[in-house]
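>>> Have a look; sequence and predicted model below, questions after that.
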Amino acid sequence: MSTFFGGLDNHLPALLVGVPLLFAFLMPLAERVHRRLTDILAVTGMGLTSLCGVLLAIRVFTTGAVGYAFGAASPDEMLPPDSGGVPVRILFTVDALGAFMVLIISVVGLATLVYSVTREDRHGEKATFYALFLLLTAGVSGMVATGDLFNLFVFLEISSLAGAALVAVRMDRGVAVEAALKYALLSATGGLLFLLGVALLYTQYGSLNIAFIARELRMTGLDTVAVALLAVPMAMKCGAVPMHFWMPDAYSRAPAGVTAFLVVSSQCAMYVLFRSLFTLFHRRLDLAMFGWFVIALGVLSMFIGVTMAIPQKDVKRLMAYHAISQSGYMLLGVGVGLAVLGKPELLDAYGRKAMAGGIFHIMNHALYKGLLFLTAGAVIYRTGQRDLNNLGGLGHQMGWTMLCFMAGALAIAGIPPFNGFASKFLLYESVFRFNPFLSIIAILVSVLTLASFMKVFHSMFMGPRLPRFAEVREAPLPMVVSMGVLAVLVILGGLFPTVVVEHIIEPAVVALLEQSEYIQTVMER
Amino acid sequence: MLLDLPFVAVGLIAVIGLGAMIAKKNLIKVILGLGLLEGAVNLFLVAVGYRQDGIAPIFTNAPEGVMVMPTVQALTLTAIVIGVATLALLLTMAMAIHRHYKTLNVERIVKLKG
Amino acid sequence: MKKIVRTAARLLYPFAFIYGAYIVLHGHLTPGGGFQGGAVIATGFALMLAAHGPGELSGIFKRAALNICEVAGLLIFVLAGFGGLTHGRAFLFNWLANAGGLFGHSVAHGPNPGDLNTGGLVPLLNIAVGLEVLGALSLIIYYMMTFANHIEEGGPDDAA
């Protein structure tokens, strides 16, 4: 793999951001040439980006963390020779956790773009849609790959703005713009608070590089304020209760392909949260307090998410509340790991397993939640109805869609042999040893989730054929293909969980727990 | 005391901006509150870089003296550009909302509930 | 009254353009650079737009011309970044500096009178960003004015 395209292999982190940007910038030109060209360019661009992402992930999982220095004479030059050991340039640092997120972005991104190719192009907005989608991809890829705090802020804002614009892209309905406005306002405020935290860290340590600050950190009062300023906006962006209010609106009003990718975007914000708590601050935090803070957010999100989902009539809004609930599982697992970070014996007993469960759940959630949103979108596309009371009997006409929905619903409820079961089982087992009460809440929420999705399945697909849906056919081929790919991955993840955990999740957990490899990638090359 | 004045101003402008975002009813004023908050954060970034009796960090025909930190100025510039893009997007959305809802009152732009 | 405004605008906008171009080109020597200069040039466009109204402009003020300007700026930036890759260096490496070609003179250390032909990739990126920003900001003002006119007149309810 090391002589791929004559050395392009070394430049994968830069290509991960550069290629989607290039194709996004080509969109306005392509639109002038021919409308079909935009579709071809978009799929090509996203395909190349996904390829770079997968190759980078393979490289990181086999040979260790990768660093990339922008604007240097050689990409390996992390520390300029005349800087006295201080990393001056903007660096990308991709360790196992970053590679894990890059893998998720690549897979779900390509699936949702192929799905979105079939959107009707009523007002000539498709080129804009593709450009925004590719910009969002570049933004989230940059967010998870970068090793520099201000660069992270810039990519965070790129993904927020592109995401908000994508939510509003169907401008002929006022409600979409209302949802997008809330999303944009909250994201912008969160981004500014994040910038304030970054500024506080810069004044004390004179550097923006995550590895450098992690090494030099002395926990002063300003640093405690900085932790809060870094963590709270990210918790808001991943939909943790009580800052979740934008999520149901934005997820339900955006086009379905966009929503599936917004799920990934929220999880990249969760990545930033974990990166700052674990790698940047590590053991110098008040671990009990922060660990329990994350756990509390998780439990609240799980419970309130599922209770608000049950009475919903709009199918996408229901799924959005479930997304909030599932984020709670991830926060719970990693929160338990954070709470016991300082006690090695507890960490080995159940801390690692809890974190593995939480991180595995990130991947599983991206896959099955994306799948569920895509199936809901297919149903709405063919029937024009989003209210559960008006749907019914579609199992006869949309068989493939129904199968894919079943895969996603069983996965989210945690039924074997789907992937949701594997990660939830890890979580139940380890959280029980930490605090049995929390584990019981988690199991209860799973039961409620199953009940909710049984209701949705019954309303959408079961029952006799309805006369008003007589002309409804199966969803178009690109939609079925993308849903099918995600469904297959959901099933594979459930059938072979140990393979996934051993090769992908364990390195990611180790990367979070051991701060030293991250610092070493930058400071001692 | 004089050197602390920028930071006092940052605090004041940030509080006014946040207050406007939370308390005002007109959507444009809420967005302007966000603009004020951005101004406060940018001012903080620039004020952090100041060195006592420093000169501008430009080598062209530079006089003698200690230069102020140039990195924070680059950060502020990037933040300003991001702010411009955000405000343009938000204001366009406000215009679209006005066309559909015929009002800019935040309390009445709540069709999505529950 | 309108005649006076339009004539004045038509006389004044070239000065805004020249001033903005100066800021863009000298970005590596004096304060300024791509975004700042581009924004100043966009004020020239804004002046013409405000004086004439969005429907009546032609030539370099047309939407298509501004769109091409914007896309050209973006593509120059990304391709210049990729140019570093083809020389075997990192992305956005300064492959023009000290090379004797465009913007390739070497710079003395410390305070110096400033030579315009230095800096390598930096002035090129400044020009690219300047082109992009002037196109983008002018288009934003253009579309906002068109949108606003539609709302005032109660125009046709199609998506803008």
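Structure's in. What do you need?

>>> Which elements pack onto the helix or strand where residue B:21 lies?
Residue B:21 is part of helix B:5-23 when elements are defined by DSSP states H and E. Contacts of helix B:5-23 with other secondary structure elements, assessed using 3 or more Cβ pairs under 8 Å, 6 or more residues apart in numbering or on different chains; DSSP states H and E, are made with helix B:27-48. For every residue, glycine as well, the C-beta is placed using N, CA and C.

>>> ok, residue C:135 - contacts?
Contacts for residue C:135 (Cβ atoms under 8 Å, 6 or more residues apart in numbering or on different chains) come out as C:66-71, C:73.

>>> and which of those residues is nearest chain A?
The shortest distance between chain A and any of the contacts of residue C:135, using Cβ to the nearest Cβ, involves residue C:71 and amounts to 4.9 Å.

>>> Reduced to three states, what does that closest one come out as?
Under DSSP: H, G, I helix; E, B strand; the rest coil, the three-state class of residue C:71 is helix.

>>> State the number of residues packed around it.
Summarising burial for residue C:71: neighbours were counted as other Cβ atoms under 10 Å in any protein chain shown, giving 19.

>>> One more: the one 4 residues further on?
As a burial measure, the neighbour count of residue C:75 was computed by other Cβ under 10 Å and equals 18.

>>> how near is it to chain A?
6 Å (Cβ to the nearest Cβ, to the nearest Å).

>>> Assign a three-state SS to that residue, would you?
When states are read from three-state DSSP, the local structure at residue C:75 comes out as helix.

>>> Cross-check the contact I'm expecting between it and residue A:23.
No. The criterion here is Cβ atoms under 8 Å, and residue C:75 misses it with residue A:23 at 11.1 Å.

>>> Please enumerate the helices of the stretch 401-525 of chain A.
In the stretch 401-525 of chain A, the helices defined using DSSP state H, counting those that start in this stretch lie at A:419-434, A:436-461, A:477-495, A:497-500, A:506-513, A:515-523.

>>> any idea how far the helix holding residue B:21 is from the chain center?
Taking Cα atoms, centre = their mean, to the nearest Å, one finds the center of helix B:5-23 at 10 Å from the center of the full chain.

>>> got it, and stretch A:481-492?
Put simply, stretch A:481-492 sits 17 Å off its chain's centre (Cα atoms, centre = their mean).

>>> in it, what's buried?
When burial is assessed from 16 or more other Cβ atoms under 10 Å in any protein chain shown, stretch A:481-492 yields the following buried residues: A:482-487, A:489-492.

>>> In JSON lines, list the residues you listed along with distance to chain B.
Rendered in JSON lines, the data for the buried residues of stretch A:481-492 read as follows (distance: Cβ to the nearest Cβ, whole Å):
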{"residue": "A:482", "distance to chain B": "27"}
{"residue": "A:483", "distance to chain B": "27"}
{"residue": "A:484", "distance to chain B": "32"}
{"residue": "A:485", "distance to chain B": "32"}
{"residue": "A:486", "distance to chain B": "27"}
{"residue": "A:487", "distance to chain B": "30"}
{"residue": "A:489", "distance to chain B": "32"}
{"residue": "A:490", "distance to chain B": "29"}
{"residue": "A:491", "distance to chain B": "34"}
{"residue": "A:492", "distance to chain B": "37"}
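
>>> Residue A:326: which of those residues is nearest?
Compare each of these with residue A:326 using Cβ to Cβ and the shortest gap goes to residue A:490, at 13.7 Å.

>>> How much space separates that closest one from residue A:375?
Taken as Cβ to Cβ, to the nearest Å, the spacing of residue A:490 relative to residue A:375 amounts to 12 Å.

>>> Need the residues touching each of those two.
Taking Cβ under 8 Å, 6+ apart as the contact definition, residue A:490 and residue A:375 share the neighbouring residues residue A:408.

>>> Excluding covalently adjacent residues, which one is nearest to whatever residue of chain A ends up closest to chain C?
When scored by Cβ to the nearest Cβ, chain A has residue A:14 as its residue closest to chain C, at 3.7 Å. For residue A:14, the nearest residue in space outside its immediate sequence neighbours is residue C:91; the separation is 3.7 Å by Cβ to Cβ, 6 or more residues apart in numbering or on different chains.

>>> wait, isn't the one you found in contact with residue A:74?
No. If you go by Cβ under 8 Å, residue C:91 and residue A:74 don't touch, sitting 11.6 Å apart.

>>> The two: which is more packed in?
Neighbours were counted for residue C:91 and for residue A:74 using other Cβ under 10 Å; residue C:91 has more, 23 against 11.

>>> doesn't that one fall inside a strand?
No. Membership of residue C:91 in a strand is not supported by three-state DSSP, which gives coil.

>>> For residue 13, give me its contacts.
Chain wasn't specified; assuming chain A. Going by Cβ under 8 Å, 6+ apart, residue A:13 touches A:56, A:66, A:68, A:92, A:94, A:145.

>>> Can you look at chain C instead?
Residues in contact with residue C:13, defined by Cβ under 8 Å, 6+ apart, are C:44-45, C:47-48.

>>> Tell me which helix or strand it sits in.
Counting by DSSP H and E, the element that carries residue C:13 is helix C:2-25.

>>> tell me what the next helix-or-strand element following that helix is packed against?
Downstream of helix C:2-25, the next assigned helix or strand under DSSP H and E is helix C:34-52. Helix C:34-52 makes packing contacts with helix B:71-101, helix C:2-25, helix C:121-153 when contacts are defined by 3+ Cβ pairs under 8 Å, 6+ apart.

>>> Can you report phi and psi for residue B:58?
Note on residue B:58: backbone dihedrals following degrees, to the nearest 10 are phi -120, psi 130.

>>> Which residues are in contact with it?
So residue B:58 contacts C:29-31 (Cβ under 8 Å, 6+ apart).

>>> which bits of chain C sit near chain A?
On the criterion Cβ under 8 Å from any Cβ of the partner chain, chain A has as its neighbours in chain C the residues C:67, C:70-71, C:74-75, C:78-79, C:81-82, C:84-85, C:88-94, C:158-160.

>>> For these, which ChimeraX command selects only the ones that are buried?
In ChimeraX, this line selects whichever of the residues of chain C next to chain A come out buried by 16+ other Cβ under 10 Å:
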select /C:67,70,71,74,75,78,81,82,84,85,89,90,91,92,93,94,160
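
>>> which residue is nearest the centroid of chain B?
The C-alpha lying nearest the average C-alpha coordinate of chain B belongs to residue B:38 (Cα atoms, centre = their mean; 1.6 Å).

>>> Please spell out which residues along stretch A:63-75 are buried.
By neighbour count with 16+ other Cβ under 10 Å, stretch A:63-75 contains the buried residues A:65-73, A:75.

>>> Format these as TSV; extra columns: distance to chain B, secondary structure and pLDDT.
Rendered in TSV, the data for the buried residues of stretch A:63-75 read as follows (distance: Cβ to the nearest Cβ, whole Å; DSSP: H, G, I helix; E, B strand; the rest coil; pLDDT from 0 to 100):
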residue	distance to chain B	secondary structure	pLDDT
A:65	26	coil	86
A:66	25	strand	88
A:67	21	strand	89
A:68	20	strand	89
A:69	17	strand	88
A:70	14	coil	88
A:71	13	coil	83
A:72	17	coil	82
A:73	21	coil	82
A:75	22	coil	83
